[in-house]
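Trainee: Structure, please.
(chains A and B)
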Amino acid sequence: MITVALWTLKGGVGKTATCVNLAYLAASAGLRTLLWDLDAQGASSFTFRVAPRKKLDARALVRRSTPLEPWIRATDYENLDLLPAGLSLRHLDLELAARRRPLRRLAVKLAPLAASYDLVLLDCPPGVSVISEAVLRAVDAVLCPVIPTPLSLRSLEHVRRLVAPEETGAPTVLPFLSMVDRRKALHRQIAARYANGEEGFLRTAIPLASVVERMGLRRAPVTAFAPKSAAARAYAALWQELVAALARPSSPG
Amino acid sequence: MPPDSRPLRARFRLDRDEVLARAGQLLGWVRGPSDQLEVTSLDTFDWRLFRAGARLSLEEGRQGARLLWWRGSERLLLPVQAPVRFATDLPTSTLRRRLEEVAGIRALLPVGRATVRRRSARVVDREGKTVATVLLETTQRHDPRGARVGTASRTVLVEGFQGYEAAFDTTVSRLAALEGLAPAEGDELAEAAAAWGRQPGDVPSRLELPLRPHQPAGEAVRLILRALLEAILANREGVVEDLDTEFLHDLRVAVRRTRSALRQLGGVLPSDEVAHLEDEFRWLASVTGTCRDLDVFRLAVESYLRTGSGLAAALGPFLAHLAQHRAAAHRELVRALAGRRFSRLVQRLEALLASPPAGGGEPIGAVAGRAIQRAHARLLRAGQRVGHGPDAALLHRVRIEGKRLRYLLEFFASLYPPGRIGPLVARLKALQDALGGFHDAVVHTRRLLAMAEEMGTAGLGSPATFLAMGRLASWLEAQGEAHRQQFEEVFQAFSSAPSRRLRVLLQPEEGPS
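Mentor: Residues are numbered from 1 along each chain as shown, chains lettered A, B, ... in the order given. This is a model prediction of the structure:
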């Protein structure tokens, strides 16, 4: 089982849109895929129309004795399951912090899922928290969306520092450009700088596209309802690149 | 809250079409796409998936081909492009892992085929999320030649989803209450297999002989030989068609068991027939041997390549040479199995089995007890002759005696109280695994060196190939030595506790009852 987190410090950079589409593409390729929505906003869950079970709250989720399986629900897509989130998870950070060895807890909770899933994608809330620290100890790679702006690039630097590449077993950081607006000179300029995979960037850039915003209306991945759109093709290319990157021997940081 | 592991799948027989409008109204379903599919049910020849409670089918329709797996609540789906014969043909995925665990190296073969016209509908919740699907299917089953079998059946299939079990239950109970829908009886796999001329589990996974202790020995030995002949004939087609390596393995096991039965129990049969059949089965063992050795060799090389040696490319010319040898051995084998000598052997054995046993005679219980005791004593003597050195001939003798004892125990398991024979067979199996591993390593190393000579003479392979073959030879030798050491431990354990168990087993009051 491979685990990949969609995480960065900045919000509104396309984490959820990427997570939802990569999950759909992985499942369509035949991989048993779980998307774990860790963000109390529950945007991934909303997109897939999956509400959390009534009894799900932060305490139940992090309790060592409770497996994750009962909280997992199938989506409308073959091979794709979801561990949904809602406002009931808003105290997840506090609950996690109150546990023994909190930073290992997510890894412990994920381990039994290896029998049932090939890929787990974690849709993480933005920012630095106990959740993000625990995620970094649980995943093989961090996929990091970067809007081509200086602030977003600075945020990537922070991610790289937090991932602590000097530690054995630290996840691989895989940044990629997201929400690229070709009408803006700055976006074009920065996108050109990373177009050939400089500084560990994946080559695929996800364009800013209204069809991606329509995912909230259609409540489905753009790769499912508009597979020929430029955005969907970009997600498909990103997925292929991610598969290749995960197949390479790991190079932390 | 424990995860719900029951299958979320219910089938109804559709008796009246009018009921569909009522069902749609009741469930508020949303109509989905229709499709026509060619559905092939798959299993191994010996029904490993069926026995493990799993179902596998290949569905080919407008959307392409996909493999579908069900076991309990687990439903796995994998799009496939090329025909799938083995688990290892699939890309890395949970489905591949499941098939590797359950089917192992056996081929996935059709055990049923149908054309299915499918209309689908979704039952949705307030959010528009699908909580159950309803499939209206018209199924026309076919036989292996593609001819229709019976008339088309019409069913309504409800499939549920993890996390939405309550919605599945509600959907099923609402449909069950409708007149014109009746729960479908019978198993889909059994129906598909019946049209194909098969029945799930129709190939026994092991030798099962319901013998009675007081049965005349002549009759019981004929039953044993009948079951073994059936196993040989059942596997012959798979060997000829070269479907997977286990057909030849199982055929050879049946041949060895037959030879063992003739040798150890032949005293209760006409002696001239036994002598003739012993000769003929020796011939059959010999003509099937080379191909099997090469299969085992190839499996060993594949297992070496999986150790991450990184020598697959360098070993390429050797693997091609091995494949050529194997193809030639298989052609020889097919000729033998299609030849007159083989059919005469079968006729002769069938005639013996059809002949009436001589009247009176000893009961099989007494014959079995004596034969087991003798075989056990021979095994212990052979084992004690083995020193600490790698004496291949002595170890081979122990292996043969071990097999003879094991076969007897398997033939006569039904004569003893349940649970008595199993542990003894398990210990013998451990002994044989160690000895088999050692023997295989010796044979493979010898063959590898012979092939290196041939390839050198024929100018095949580069220096890298020969270096890689050298590495392979070292690995085989190390494997052989590990098995050799394992034998010493296993034999020590076997020669103490099991012999006491055997004495208990064969005590008159504990023996055949």
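Trainee: I'd like to know which elements the host helix or strand of A:Leu186 is packed against.
Mentor: Assigned by DSSP states H and E, A:Leu186 belongs to helix A:185-193. Identification of packing neighbours for helix A:185-193 by 3 or more Cβ pairs under 8 Å, 6 or more residues apart in numbering or on different chains; DSSP states H and E yields strand A:172-180. From N, CA and C alone the C-beta is placed, and that goes for glycine too.
Trainee: what's the following helix or strand after the helix holding A:Leu186?
Mentor: Sequence order places strand A:205-207 as the next helix or strand after helix A:185-193, per DSSP H and E.
Trainee: So in that sheet, which strands flank that following strand, and in what orientation?
Mentor: Paired neighbours of strand A:205-207 in the sheet (DSSP bridges): strand A:172-180 (parallel).
Trainee: Name the residues that touch the partner strand?
Mentor: Contact with strand A:172-180 is made by A:13-14, A:18, A:140-148, A:156, A:159-160, A:163, A:187, A:190-191, A:194, A:199-202, A:204-208, A:238, A:241-242, A:245, A:250-253, as judged by Cβ atoms under 8 Å, 6 or more residues apart in numbering or on different chains.
Trainee: List buried residues within the residues you listed.
Mentor: For the contacts of strand A:172-180, a neighbour count by 16 or more other Cβ atoms under 10 Å in any protein chain shown gives the buried set as A:13-14, A:18, A:140-148, A:156, A:159-160, A:163, A:187, A:190-191, A:194, A:200-202, A:204-208, A:238, A:241-242, A:245, A:253.
Trainee: Buried residues, the longest helix along chain A. List them.
Mentor: Counting residues, the longest helix in chain A under DSSP state H turns out to be helix A:230-247. Neighbour-count burial for helix A:230-247 flags A:231-232, A:234-236, A:238-239, A:241-242, A:245 (criterion: 16+ other Cβ under 10 Å).
Trainee: got the end-to-end distance for stretch B:193-201?
Mentor: 10 Å (Cα to Cα, to the nearest Å).
Trainee: list the buried ones in that stretch?
Mentor: Neighbour-count burial for stretch B:193-201 flags B:193-196, B:198, B:200 (criterion: 16+ other Cβ under 10 Å).
Trainee: Same question for stretch B:318-325.
Mentor: Within stretch B:318-325, the residues that qualify as buried are B:318, B:321-322, B:325, counting by 16+ other Cβ under 10 Å.
Trainee: Could you count how many residues lie near the residue of the stretch 251-400 of chain B found nearest chain A?
Mentor: Nearest residue of the stretch 251-400 of chain B to chain A (Cβ to the nearest Cβ) works out as B:Gly308 at 12.3 Å. By other Cβ atoms under 10 Å in any protein chain shown, 7 other residues sit near B:Gly308.
Trainee: SS state for it?
Mentor: Classification of B:Gly308 using DSSP: H, G, I helix; E, B strand; the rest coil returns coil.
Trainee: again, but for B:Leu49
Mentor: Judged by three-state DSSP, the three-state class of B:Leu49 is helix.
Trainee: Once you drop chain neighbours, what's closest to it?
Mentor: Computed as Cβ to Cβ, 6 or more residues apart in numbering or on different chains, the closest residue to B:Leu49 that is not its neighbour in sequence is B:Asp43, at 4.7 Å.
Trainee: Pretty sure A:Tyr117 is one of the things B:Ser93 touches, is it not?
Mentor: No. B:Ser93 is not in contact with A:Tyr117 according to Cβ atoms under 8 Å; the separation is 10.3 Å.
Trainee: Overlap in contacts, these two.
Mentor: Shared contacts of B:Ser93 and A:Tyr117, defined by Cβ under 8 Å, 6+ apart, are found at A:Arg32.
Trainee: what's around residue 178, how many residues?
Mentor: No chain in the question, so chain A it is. Applying other Cβ under 10 Å, we find 26 other residues in the vicinity of A:Ser178.
Trainee: You answered for a different chain; I wanted chain B.
Mentor: Around B:Leu178 there are 17 other residues, counting by other Cβ under 10 Å.
Trainee: contacting residues for it?
Mentor: So B:Leu178 contacts B:19, B:22-23, B:26 (Cβ under 8 Å, 6+ apart).
Trainee: can you do 10 Å?
Mentor: For B:Leu178, the contacting residues are B:12, B:16, B:18-20, B:22-23, B:26, B:156, by Cβ atoms under 10 Å, 6 or more residues apart in numbering or on different chains.
Trainee: Nice, that's everything, thank you.
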